[in-house]
Structure formats: structure tokens, C-alpha cells
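Visitor: Okay, sequence plus prediction incoming.
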Amino acid sequence: MFTCQICPAPPLELIDFGPQPVCNRYLAEPDAREYRHPLILSQCQTDGLLQLSRPWPSDEVRPRLDWISYKEPERHLDDLCDRIAALPGVGTDTLITGVSYKDEPVLTRMEKKGFSRTWNVSLEELGIHHPGAGMETIQDVLSEDLAGKLRSLKGVPGVIVVRHLLEHSNSVSKTMAFLKAWAAAGGYLILEVPDSEQTFKDLDFGTVWEEHVCYFTEFTLGRAFVPFDTDLMDVIRYPYTLEDCLVAIVACRPAAAPLPNDPGRLRQELALGTNFKAGWQTLATRCQQALQQVIDAGGATVIFGAGHRAATFVNLLGLERLISCVIDDDPRKAGLYLPGCQLPIVTSAHLHSARPALCVLAASPDSEQVIIGKNKAYSDNGGRFASIYPRSPLAWEHLKA
Ligand SMILES: [Zn+2]
């Protein structure tokens with residue numbers, strides 16, 4: 001039996017998407033046999049946490065290609081660093097640490113502010129020797145033993161920055177045990193995660209990803225630290241087009257008062273899951289019909305951006321037979337095939353030579369205007385762009401309820 005990531009209750013299964021491929025495992029040829037694992041979205045009915053009830057093995061999720069990495073938003077980091085610098089007890093001699101390349105931009109900013117003792121633990125120091133290892137591997141090696149080793153290497157951190165790792169953790173409690181064993185008593189954990197409230201409200205199915213085990217909202221992130229005897233000081237929301245960032249500031253000491261129950265808010269959280277479940281097939285049918293109409297009128301459809309969001313959007317909504325190819329100008333991806341749907345990846349020259357009637361944008365929403373600008377000749381010739389992101393100004397109209 002699978003228990004919730006933050007409480008002993010078994011979460012309720014919402015959607016079983018069936019066996020799905022690893023989104024980062026691009027194929028060298030079509031019709032290749034792919035590793036698959038059940039993708040099951042569940043929700044705890046006790047605390048509302050949305051989560052995958054069968055986390056994927058990190059050895060399988062680890063990229064086979066060493067150039068795969070993910071860029072997290074950074075516009076909010078100056079503000080975040082001001083807040084870290086102002087935390088009670090934190091001074092320029094406080095040891096401030098991180099565990100991945102995603103934490104580096106915070107540590108660099110803190111150094112510029114005069115905090116001289118920063119340490120971003122390297123993969124080697126974590127005991128990881130796989131080329132291409134990412135968050136899936138880092139989360140897997142975190143243990144109280146490792147925390148002890150890190151303490152003996154450079155001392156006890158007063159602040160640990162952990163950006164976009166908690167949602168990748170196959171076990172939130174294992175990650176929290178590591179952080180608590182590493183941090184000083186009364187030290188701070190700065191935990192950043194993507195906000196899933198709006199993406200779930202918007203039925204943004206591209207947000208589901210085998211690498212994200214937990215889908216936190218402000219409410220569930222706030223509850224995530226209760227079982228670990230820590231003191232949640234703040235949850236800060238930083239707005240972005242794709243999804244907001246949430247940052248929890250947690251002190252490693254018992255909370256002064258228990259978090260009050262909030263049954264009204266819990267009901268809203270549970271509705272988020274129920275509506276997502278209810279919307280899945282309706283949205284899939286609507287998208288399939290819209291693409292079929294384009295094809296029936298003699299046009300072709302393509303998707304732009306060969307990342308995990310494109311793969312999930314196509315695979316979970318059953319669109320693979322209605323899209324002719326994936327466009328991506330990353331030369332390392334050209335000639336490969338997208339996992340699951342096994343659509344070929346070609347460059348944007350295809351937009352101009354084949355002139356598909358519809359190009360569905362699945363690259364980062366911040367890059368949409370750049371893509372459109374670079375391919376003006378395509379739209380001048382009657383081609384049409386629409387975004388898979390419900391919050392984009394170019395959102396495909398069929399995504400709206
Ligand atoms: Zn729970």
C-alpha cells in the first residue's frame with residue numbers, strides 16, 4: 001500500500017494514465033521499445049496533497065544524455081536573497097549551502113551581498129558519479145549519513161537553499177530527514193517548488209511529469225513541514241506565466257503553535273483534484289476534435305518544443321496520431337524522436353517548407369514571442385500559432401473550459 005508523502009493515509013487514486021515513457025529519453029529511431037512505468041496521479045484526502053502514488057525509479061528517470069538540464073526562473077531571486085539576509089541570526093559568516101545547480105544562482109547572489117561562506121555541494125561530494133545526473137539522482141542519495149559526512153567536511157549550515165528538489169523527491173520524509181540532520185539547530189531551510197494550484201485549476205495537463213512526485217499548492221506546502229517538527233515561518237509566492245514559484249522559509253526548531261485546521265480550504269484543495277480528474281477526458285476529446293478538424297480541412301499540425309511538457313501534452317491527451325512532428329531548433333534533439341508518441345523531431349525549417357496549418361507551442365511561454373518573431377514568414381503565409389499554456393496570451397482556445 002502506498003501512503004501519502006506527508007501523512008500515513010493512503011492517497012486516493014484520481015487518474016491512472018497507464019504505463020508512460022520517461023520524457024527525457026529521446027529515441028534514436030521510431031518503433032523503439034521504451035521503458036514504461038505506471039503514471040498514477042493521486043490525492044491525499046486528509047491533507048489535500050496531489051502526488052504520484054507510484055514514484056518512478058531514479059535509475060530509470062536519470063537522463064541517458066548528459067546535456068539535459070532544466071532552467072528555473074530567477075527573476076525573484078534578488079528579493080529572496082534580501083529575505084534570507086534579513087533572517088534573525090543570519091550574518092555574513094553564516095554557512096549557506098545548496099545541493100544542485102539550481103541553488104547556485106542564490107549562493108552567487110549571497111556572495112555578492114558579502115556572505116563569504118557559501119558552499120554548493122558538488123555531485124562528487126554527494127557521492128554521485130553518473131554523467132547527466134539530475135534531481136532524480138540527487139534526491140535518491142540524500143540520507144542522514146550523508147548529512148553527517150557533509151557536516152564533517154565543512155561544518156554546520158545556518159541556511160540550506162533547496163530549489164526545485166522537494167517535488168522531485170520520491171520520499172519527502174527522507175529529504176526532510178537529510179536536511180534536518182545537516183542544518184544547524186534553529187537554522188533555516190529555503191525550499192522552492194513550483195505552484196500547482198493554478199495549473200491544476202486550468203487543467204494544464206502538461207504539468208504532470210514523472211519527475212514531479214508532489215504537486216504542491218500554498219496550502220499543501222504549508223502542511224508538508226508539520227510532520228517533521230519544524231517551524232514554517234513563511235510561504236512566499238512569486239508570479240510567473242508558466243506557473244508561480246512558492247518559497248517556504250522553514251526554521252529547524254519545533255513550531256511555537258500547531259497549524260490550525262482549515263476544513264474550508266481543504267475542501268477547495270480536494271476539488272482541485274476532482275475537477276482535474278473530471279476534466280481529463282473532456283479536454284482530450286476537445287483537443288483531438290480540434291486537431292482532426294485542421295486535418296479534415298487539408299492542413300497538418302505540429303508541436304513546437306521537444307521537452308517534457310510537449311511529450312506529456314501529446315501522450316496524456318492521446319494526440320499522437322493527429323500531430324505530424326515536433327519542431328525544436330536544439331541541434332542535439334534534431335533527428336531524434338519524442339518518447340511515447342515517437343514523433344520525429346525536426347528544425348523550424350519544417351514550418352516554412354511543409355507549412356502546417358497549426359503550430360502548437362509547447363516551449364517555455366517566455367520564449368513564445370521570440371519563436372513567433374523568428375518565424376514571421378510562416379504566419380505571414382497563413383500559418384497559425386497557439387500555446388498549450390492556459391495562462392499564455394496565445395492559449396489555444398480549445399483548452400479553455
Ligand atoms: Zn496526506
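Guide: Received it, and whenever you're ready, just let me know what you need.

Visitor: Now do the contacts for the nearest residue to residue 127 once chain neighbours are set aside.
Guide: Of all residues beyond its chain neighbours, the one nearest residue 127 is residue 141 (5.9 Å), with distances taken as C-beta to C-beta, 6 or more residues apart in numbering. Quick note: C-beta positions are derived from backbone N, CA and C, even for glycine. If a contact means C-beta atoms under 8 Å, 6 or more residues apart in numbering, then residue 141 has 126-128 as its contacts.

Visitor: any idea of the pLDDT on the nearest residue to residue 67 once chain neighbours are set aside?
Guide: Sequence neighbours aside, residue 332 is the residue nearest to residue 67 in space, at 5.7 Å (criterion: C-beta to C-beta, 6+ apart). Looking at residue 332, its pLDDT reads 94.

Visitor: And residue 401, by the same measure?
Guide: The per-residue pLDDT reported for residue 401 equals 63.

Visitor: Which one (most neighbours) among the contacts of residue 141?
Guide: Tallying neighbours with other C-beta atoms under 10 Å puts residue 126 at the head of the contacts of residue 141, with 19 neighbours.

Visitor: is any part of the helix ranked longest in the chain close to the ion?
Guide: The longest helix of the chain (DSSP state H) is helix 263-296. No - contact of helix 263-296 with the ion is not found when judged by C-beta under 5 Å from the ion; the minimum separation is 10.7 Å.

Visitor: Just the CA trace of whichever helix or strand comes after that helix, in CSV.
Guide: For helix 263-296, the succeeding helix or strand toward the C-terminus, using DSSP states H and E, is strand 301-304. Taking Å, rounded to 0.1, in the frame of the first residue of the first chain, the C-alpha atoms of strand 301-304 are listed here in CSV:
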residue,chain,number,x,y,z
THR,A,301,-0.5,20.2,-37.2
VAL,A,302,2.9,20.3,-35.5
ILE,A,303,4.0,20.9,-31.9
PHE,A,304,6.9,23.3,-31.1
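
Visitor: Show me what strand 301-304 is in contact with.
Guide: Counting contacts by C-beta under 8 Å, 6+ apart, the residues touching strand 301-304 from outside are 291, 294-295, 310, 313-314, 322-328, 343, 348, 350-351, 354, 356-363, 371, 385, 388.

Visitor: now the nearest residue to residue 196 once chain neighbours are set aside: how far from residue 122?
Guide: Counting by C-beta to C-beta, 6+ apart, residue 215 is the residue found nearest to residue 196 once chain neighbours are left out, at 3.7 Å. Residue 215 is 30 Å from residue 122, where distance means C-beta to C-beta, to the nearest Å.

Visitor: roughly how far is the strand ranked longest in the chain from the heart of the chain?
Guide: Counting residues, the longest strand in the chain under DSSP state E turns out to be strand 12-21. Shown here is strand 12-21, whose average C-alpha point lies 17 Å from the average C-alpha point of the whole chain (C-alpha atoms, centre = their mean, to the nearest Å).

Visitor: got the buried residues for it?
Guide: Neighbour counts over strand 12-21 (16 or more other C-beta atoms under 10 Å) mark 12, 14-15, 17, 20-21 as buried.

Visitor: buried stuff in the next helix or strand after it?
Guide: On the C-terminal side of strand 12-21, the nearest following helix or strand under DSSP H and E is strand 36-43. Of all the residues in strand 36-43, those buried under the rule 16+ other C-beta under 10 Å are 37, 39-43.

Visitor: related to what we said a few turns ago, mind giving me the packing neighbours of the longest strand of the chain?
Guide: strand 36-43, helix 263-296, helix 308-316 (3 or more C-beta pairs under 8 Å, 6 or more residues apart in numbering; DSSP states H and E).

Visitor: what ranges do the helices span in this protein?
Guide: In order along the chain, the chain carries the following helices (DSSP H): 58-61, 77-85, 104-112, 135-141, 144-154, 172-182, 197-201, 218-224, 263-296, 308-316, 349-354, 368-374, 376-380.

Visitor: Any chance of those helices in JSON lines with mean pLDDT as columns?
Guide: Formatted as JSON lines, the entries for those read as follows, by pLDDT from 0 to 100:
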{"stretch": "helix 58-61", "mean pLDDT": "93"}
{"stretch": "helix 77-85", "mean pLDDT": "98"}
{"stretch": "helix 104-112", "mean pLDDT": "98"}
{"stretch": "helix 135-141", "mean pLDDT": "96"}
{"stretch": "helix 144-154", "mean pLDDT": "98"}
{"stretch": "helix 172-182", "mean pLDDT": "97"}
{"stretch": "helix 197-201", "mean pLDDT": "96"}
{"stretch": "helix 218-224", "mean pLDDT": "95"}
{"stretch": "helix 263-296", "mean pLDDT": "97"}
{"stretch": "helix 308-316", "mean pLDDT": "96"}
{"stretch": "helix 349-354", "mean pLDDT": "96"}
{"stretch": "helix 368-374", "mean pLDDT": "97"}
{"stretch": "helix 376-380", "mean pLDDT": "96"}
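
Visitor: just those helices: most buried one?
Guide: Sort the helices of the chain by mean neighbour count, taking mean count of other C-beta atoms under 10 Å, and helix 308-316 sits at the top with a mean of 25.

Visitor: which residues sit against that one?
Guide: Outside helix 308-316, the residues that touch it by C-beta under 8 Å, 6+ apart are 17, 20-21, 23-24, 39, 205-209, 211, 280, 284, 303-304, 319-320, 323, 326, 338-341, 343, 362, 388.
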